[in-house]
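Visitor: just coords:
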Ligand SMILES: Nc1ncnc2c1ncn2[C@@H]1O[C@H](COP(=O)(O)OP(=O)(O)O)[C@@H](O)[C@H]1O
Ligand SMILES: CC(=O)N[C@@H](CCC(=O)OP(=O)(O)O)C(=O)O
């Protein structure tokens, strides 16, 4: 014979069921939809949070969405350059990339970070497949100077994506896989380029006509004032493409490629682009499946 659970357990069970039911309309809305997730190098530095990220992405896949991960790796590249005694600097948020630096960037992103993300995802099923932007001509890039004080400055093998052939990514998605993309691209000039991962995620979201672009980083969203003033309402919850375009010239380094990627995405037909705090466990699920949403959301108008 089993007895009824005590009232406290019943309340807890109801709370859990309510959370699941809250997800129902979102499960219906997003079933079969593509979501591009930029997993930032800073967001992945916390060991304890990495399994939660992998669980969230696997959850999306099991819930019937089509997640695509574009990973970063700035801090991991810095660590390897330090080990090798190679100096590195950034201009307008982009790494100055000599041929020697490029070798390290490619090795770390494709050979190390991608492998780790794929390995984490595959603990939950045979889903993760790594792809460099060079594979199947996913990304074609052209040399891109940094704009410093309104002037173009050469920063070496840094590329801007000029063409996306997402056919191989679509095939993987159709096969039920989770593509894990490294932001390296080849140019028609035969040169291999270092592409900022936010930029790559934005371009891919447009090519796939994703339902959402989600950028996971190490801050709780876009602050109206940076550094933050301590105002609890400092994070902008929602802004339009036009509002974001006005803010862009005043943004500081780390946020520039992220917000440019969000702008490119929504202007290119992606209905929503988000910047979320990857330091909060399960922030992806909270954003997609709860009524409140979190972080900063950019919408076309
Ligand atoms: N207006 C702003 N709002 C939020 N963060 C900002 C802002 N301006 C600059 N930042 C900085 O941008 C950083 C995120 O960019 P970055 O370090 O390149 O992260 P990632 O490795 O995730 O790409 C934040 O940690 C913060 O220091
Ligand atoms: C051109 C450029 O800056 N490329 C980046 C690529 C990695 C990246 O974007 O990583 P995060 O998302 O972790 O910053 C770099 O070399 O660091």
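Guide: Sure, I can see it. Since we're looking at a predicted model, the values are computed, not measured. Ligands and ions are numbered 1, 2, ... in the order given.
Visitor: Distance of the residue of the stretch 151-300 of the chain found nearest ligand 1 relative to residue 268?
Guide: Taking Cβ to the nearest ligand atom as the measure, the stretch 151-300 of the chain has residue 254 as its residue closest to ligand 1, at 2.5 Å. C-betas here are computed from N, CA, C, even on glycine. As defined by Cβ to Cβ, to the nearest Å, residue 254 lies at a distance of 22 Å from residue 268.
Visitor: that older thread, what's the residue of the stretch 151-300 of the chain closest to ligand 1 in contact with, if anything?
Guide: 93, 217 (Cβ atoms under 8 Å, 6 or more residues apart in numbering).
Visitor: Just the pLDDT at it, thanks.
Guide: Per-residue pLDDT puts residue 254 at 79.
Visitor: So residue 220 is in contact with residue 295, correct?
Guide: Yes: with contact defined as Cβ atoms under 8 Å, residue 220 reaches residue 295; the gap is 6.5 Å.
Visitor: tell me, what's touching the two both at once?
Guide: 235, 277.
Visitor: how about the residues of the protein near ligand 1?
Guide: 40-43, 72, 74, 217-219, 222-223, 226, 251-252, 254-255 (Cβ under 6 Å from any ligand atom).
Visitor: if I look at the residue nearest to the spatial centre of the chain, how far off is residue 14?
Guide: Centroid-nearest residue in the chain: residue 38, 0.8 Å away (criterion: Cα atoms, centre = their mean). With the distance defined as Cβ to Cβ, residue 38 ends up 36 Å from residue 14.
Visitor: Over to residue 272?
Guide: 31 Å.
Visitor: and the stretch 201-301 of the chain, which of its residues are near ligand 2?
Guide: Counting by Cβ under 6 Å from any ligand atom, no residue of the stretch 201-301 of the chain is near ligand 2.
Visitor: In the stretch 201-301 of the chain, where is pLDDT below threshold?
Guide: 232 (pLDDT under 70).
Visitor: So which residues of it form helices?
Guide: Shown for the stretch 201-301 of the chain, the helices assigned by DSSP state H, counting those that start in this stretch span residues 241-247, 255-267, 283-289.
Visitor: so which of these gets nearest residue 196?
Guide: Nearest of the helices of the stretch 201-301 of the chain to residue 196, taken as Cβ to Cβ: helix 255-267 at 4.5 Å.
Visitor: mind pulling up the phi and psi values for the residue of the stretch 151-300 of the chain closest to ligand 1?
Guide: Main-chain dihedrals, residue 254, degrees, to the nearest 10: phi -60, psi -40.
Visitor: hang on, the earlier thing: residue 220 and residue 295: which has the busier surroundings?
Guide: Shown here are residue 220 and residue 295; by other Cβ atoms under 10 Å, residue 295 has more neighbours (24 against 18).
Visitor: quick one: that one from ligand 2, how far?
Guide: 16 Å (Cβ to the nearest ligand atom, to the nearest Å).
Visitor: Residue numbers of the stretch 51-200 of the chain in contact with ligand 2?
Guide: So the stretch 51-200 of the chain meets ligand 2 at 72-74, 77, 94-95, 105, 158, 183, 194, 196-198 (Cβ under 6 Å from any ligand atom).
Visitor: ok, now which ones touch the closest residue to ligand 2 within the stretch 151-300 of the chain?
Guide: At 3.4 Å from ligand 2, residue 197 is the closest residue in the stretch 151-300 of the chain, using Cβ to the nearest ligand atom. Going by Cβ under 8 Å, 6+ apart, residue 197 touches 38, 40, 41, 70, 71, 72, 73, 183.
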